[in-house]
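In: coords please:
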Amino acid sequence: MEMRPYGRTGMQVSVLGFGCGAVGGLMVRGEPRDQQRTIARALDAGVNYFDTAVAYGNGESENNLGRILHELKPPNAVVGTKVRLPGATFNRIAETIAASLDESLARLRRDQVDIFHLHNAVTMSGGGEALSIRQVLDEVLPAFMRLREAGKIRFLGLTCVGDTPALHEAITSDAFDSAQVVYNMLNPSAADALPANYPAQDYAKLFERTVAAGTGVIGIRVLAGGALSGSAERHPIASPPPAPIGSALNYDGDIARAQRLMPLVREGFAASLTEAATRFAISQPAIGTILVGMATPQQFEDSLAAVGKGPLPPAALKRLEGLRQGFAGEVR
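Out: Residues are numbered from 1 along each chain as shown. Have a look, this model is predicted:
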């Protein structure tokens, strides 16, 4: 397993991380024996980053991950979890964050979590369930710092969802050690300029900011919630199709565009679209680790095999860029 430096943290993380989210569903609705078997296999394969959140099954993912890591006792597991603040608690941000972390630590059976990410969307002005950039920098950040001083978290993190200018400002503050960034074959704008009138959110080369700040990056939505399989079929324990982040305005739109990338498979660059998507994500050097959700142990094996083949070759990346040019000007 390739290990990569994680920003300025001093940690080395496996290029393939273990996503414990609700989209794939293994760590929320899977059988306990499958959960344990897959985590044990991941550890044996060299995976050391495990990513969860309160929002994944209302704490079930944290419970299950905590139980299994407590039983297996791996010496080098790096665990990240998240806090999502309900809008009704925005008048008591620090108190809500502290309580959420304590509950997460109890479920995870840990005294400390390695990375603690803010899970709310961040916009310039806030509103609804989104936090404004000022709330993040003036209230969330000091609360995170106090928890770090108390020894409950090691590194401060941010899920980069929301307005692009707000996300750039958050990273440029140099306060966050870790950032979860949307990056996939449908929307590579965290790294590259998009064609004019491209139907996706433009993250405006956010990776340039993370590299400059020394912020470690977790690549998220690398399969676009499953759409980059090119199929609408979902496993029985997977979630319903999730709302896209940063790409089309609906899941069917993402599937339709994903199917137009199939020449990558037909021309022999990858054995499947999911393999191509996984290898595309690890082709980006600004990324430390990627998360791929799973419903079954076999889906983990598929991800492991894809990573084992290494990044996509330059010819595949050039072909992909040409295929994406065809999306320009379409309705998002």
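In: give me every residue that touches the residue lying closest to E267 once chain neighbours are set aside.
Out: Beyond its immediate neighbours in the sequence, the residue positioned closest to E267 (Cβ to Cβ, 6 or more residues apart in numbering) is R319, lying 7.0 Å away. Using the backbone N, CA and C atoms, a C-beta is placed for each residue, glycine as well. Contact analysis of R319 by Cβ atoms under 8 Å, 6 or more residues apart in numbering lists P263, L264, E267, F269.
In: R319: which element?
Out: Using DSSP states H and E, the element containing R319 is helix 314-325.
In: what average pLDDT does that helix get?
Out: Averaging pLDDT along helix 314-325 gives 97.
In: alpha carbons of it, in CSV - could you do that?
Out: This file holds the C-alpha atoms of helix 314-325, laid out as CSV (Å, rounded to 0.1, in the frame of the first residue of the first chain):
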residue,chain,number,x,y,z
PRO,A,314,-1.1,10.3,-19.0
ALA,A,315,-2.8,9.0,-22.2
ALA,A,316,-5.9,8.1,-20.2
LEU,A,317,-5.9,11.4,-18.4
LYS,A,318,-5.7,13.2,-21.8
ARG,A,319,-8.5,11.0,-23.2
LEU,A,320,-10.6,11.8,-20.2
GLU,A,321,-10.1,15.5,-20.6
GLY,A,322,-11.2,15.3,-24.2
LEU,A,323,-14.4,13.4,-23.2
ARG,A,324,-15.2,16.0,-20.5
GLN,A,325,-15.0,18.7,-23.1
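In: buried ones in that helix?
Out: A316, L317, R319, L320, L323, R324 (16 or more other Cβ atoms under 10 Å).
In: which residues touch E275?
Out: Contact partners of E275, counting by Cβ under 8 Å, 6+ apart, are D302, A305, A306, K309.
In: hmm, back to that, who wins for neighbours among the contacts of R319?
Out: Counting neighbours by other Cβ atoms under 10 Å, L264 comes out on top of the contacts of R319 with 23 neighbours.
In: which one is that residue nearest to, not counting chain neighbours?
Out: Nearest non-adjacent residue to L264 (Cβ to Cβ, 6+ apart): A276, at 4.7 Å.
In: now E233: phi and psi?
Out: phi -70, psi 140 (degrees, to the nearest 10).
In: measure it to T278 for me?
Out: Distance, E233 to T278, by Cβ to Cβ, to the nearest Å: 18 Å.
In: what does L223 give?
Out: For L223, the distance to T278 - Cβ to Cβ - is 7 Å.
In: more crowded one of those two?
Out: Per other Cβ under 10 Å, whichever of L223 and T278 has more neighbours is T278, with 30 against 27.
In: backbone dihedrals for that one, please?
Out: T278 adopts backbone torsions of phi -70, psi -50, taken as degrees, to the nearest 10.
In: relative to P311, how far out is it?
Out: Separation of T278 from P311 (Cβ to Cβ) stands at 10 Å.
In: wait, C20 sits on T52?
Out: Yes. Under the criterion of Cβ atoms under 8 Å, C20 makes contact with T52 at 4.1 Å.
In: need the overlap of contacts for those two.
Out: In contact with both C20 and T52: M27, S61, E62, L65, using Cβ under 8 Å, 6+ apart.
In: how distant is the helix or strand containing the first one from the center of its chain?
Out: When you say that, I think you mean M27. When elements are defined using DSSP H and E, M27 is found to belong to helix 26-29. In terms of Cα atoms, centre = their mean, to the nearest Å, the centre of helix 26-29 is set 17 Å apart from its chain centre.
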